[in-house]
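K.L.:
sequence and predicted structure below; questions after.
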Amino acid sequence: MNNLKKIHIGILIKKRVEELQISISRISNFFKCTADEILNMYESEMISTDLLLKWSKLLKYDFFRLYSHHLILFAPPAGNNIQKKISSELPQFRKHIYTREIIDFILELINTGQKTKIQVIEEYGIPRTTLYKWIYKYNN
């Protein structure tokens, strides 16, 4: 898995294009732009959401999930007293829904010795019991 702390979306898009072996002419036709503009997108660290949505559709890959995983791992959890419940018309999501990719990422950090269990618990705010359940369930 790629480093979720620093996401360079252009590189990731280019990797996916190479995996699927899609020609630049097909991509240019899809986006209605030049090959140079496509190459510039590969070099871009950031990309607009409408373009990212088009890339996600073309490449059949949810690039937005990379950012969701980043939020789950690196956004500080809100304390109970810090923020009052604010009503909103926007959809509300639970913060701690861990996908298999995130679980694998965390376990890889532990198994390779990059981080200890305690470091994972402190840095990512993952409950101790949850981490030990993952280790028991997924490391066997």
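P.N.:
Received the coordinates, thanks. This structure is a prediction, so every number in the text was calculated from the model and none was measured.

K.L.:
so how far is the helix or strand bottoming out on mean pLDDT in the chain off the chain centroid?
P.N.:
For the chain, the helix or strand with the lowest mean confidence is helix 64-74, at a mean of 83 (criterion: mean pLDDT, DSSP states H and E). Relative to the mean C-alpha coordinate of its chain, helix 64-74 is positioned 4 Å out (C-alpha atoms, centre = their mean, to the nearest Å).

K.L.:
can you give me the neighbour number for the nearest residue to Arg16 once chain neighbours are set aside?
P.N.:
Nearest non-adjacent residue to Arg16, counting by C-beta to C-beta, 6 or more residues apart in numbering: Leu59, 4.6 Å away. To be clear about C-beta, it is placed using only N, CA and C from the backbone, and glycine gets the same treatment. Other residues lying near Leu59 total 18 when counted by other C-beta atoms under 10 Å.

K.L.:
where in this protein is pLDDT low?
P.N.:
Within the chain, the stretches with pLDDT under 70 are 1-3, 76-86, 90-96, 140.

K.L.:
residue contacts, Tyr42?
P.N.:
The neighbours of Tyr42, taking C-beta atoms under 8 Å, 6 or more residues apart in numbering as the test, are 10-11, 13-14.

K.L.:
what does the least confident helix or strand of the chain contact?
P.N.:
2, 4-5, 7, 9, 12, 52-53, 56, 95-99, 101-102, 105, 124.

K.L.:
repeat for stretch 98-115
P.N.:
1, 4, 65, 69, 72-73, 116-117, 120, 123-124, 126, 130-131, 134-135, 138-139.

K.L.:
do stretch 14-24 as well
P.N.:
Residues contacting stretch 14-24 (C-beta under 8 Å, 6+ apart): 27, 35, 38-39, 42, 58-59, 61.

K.L.:
which of these tops the neighbour count?
P.N.:
Busiest of the contacts of stretch 14-24 [other C-beta under 10 Å] is Ile27, holding 20 neighbours.

K.L.:
skip the chain neighbours and tell me the closest residue to it.
P.N.:
Using C-beta to C-beta, 6+ apart, the closest residue to Ile27 is Ile38 (5.3 Å).
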